[in-house]
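Novice: quick check, what structure comes out for this input:
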Amino acid sequence: MPSQSNKTFETFDNPNEERDYTIHIRMPEFTCLCPKTGQPDFATLFLDYVPDKLCIELKSLKNYVWSYRDEGTFHEVVTNQILNDLVQACAPRFMRIRAEFNVRGGIYTTVVVEHIARGWIPPKAVHLS
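Specialist: Numbers count the residues shown, from 1 in each chain. Have a look, this model is predicted:
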């Protein structure tokens, strides 16, 4: 049975809740519609997050992203909405979404949105020589 778009997420327990680690996800096939012209907009979404108690299941993320295919929305609105929905679903310690939209009328748009959980302090970066 083929997958269907869906605005809900499945999650699973973080297998290493005691550790800060980053999950990087690249979604090169995001599409939505321009709310002014109805023409398709294409983007690559980059999701980076430090999970707390829950992780996002990837098939449900794919179906969620697919659900925007026929929706008219501005780049800024959809990027913030995706972040809001993901934060609500899994309450991460940190989450960032970067949406790089393809050229439209000679203009590229990139929207970056972030969430930082109250009280979370990122670990210090380690630099090896």
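
Novice: for this structure, what's the longest helix?
Specialist: Ranked by residue count under DSSP state H, the longest helix found in the chain is helix 75-90.

Novice: now do that one: which elements does it pack against?
Specialist: If you count contacts as 3 or more CB pairs under 8 Å, 6 or more residues apart in numbering; DSSP states H and E, helix 75-90 packs onto strand 40-50, strand 54-56, helix 58-66, strand 94-104, strand 107-116. For the C-beta atoms, the positions are set from N, CA and C on the backbone; glycine is no exception.

Novice: now distance to residue 79 too, for those, in TSV please.
Specialist: Below are these laid out as TSV (distance: least, CB to CB, whole Å):
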stretch	distance to residue 79
strand 40-50	8
strand 54-56	16
helix 58-66	12
strand 94-104	4
strand 107-116	4
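
Novice: and these: which comes nearest residue 23?
Specialist: strand 40-50 (5.5 Å; CB to CB).

Novice: name the residues of the closest one that are buried.
Specialist: 41, 43, 45, 46, 47, 48, 49, 50 (16 or more other CB atoms under 10 Å).

Novice: cool, stretch 18-32 as well?
Specialist: For stretch 18-32, by 16+ other CB under 10 Å, it's 27, 30, 32.
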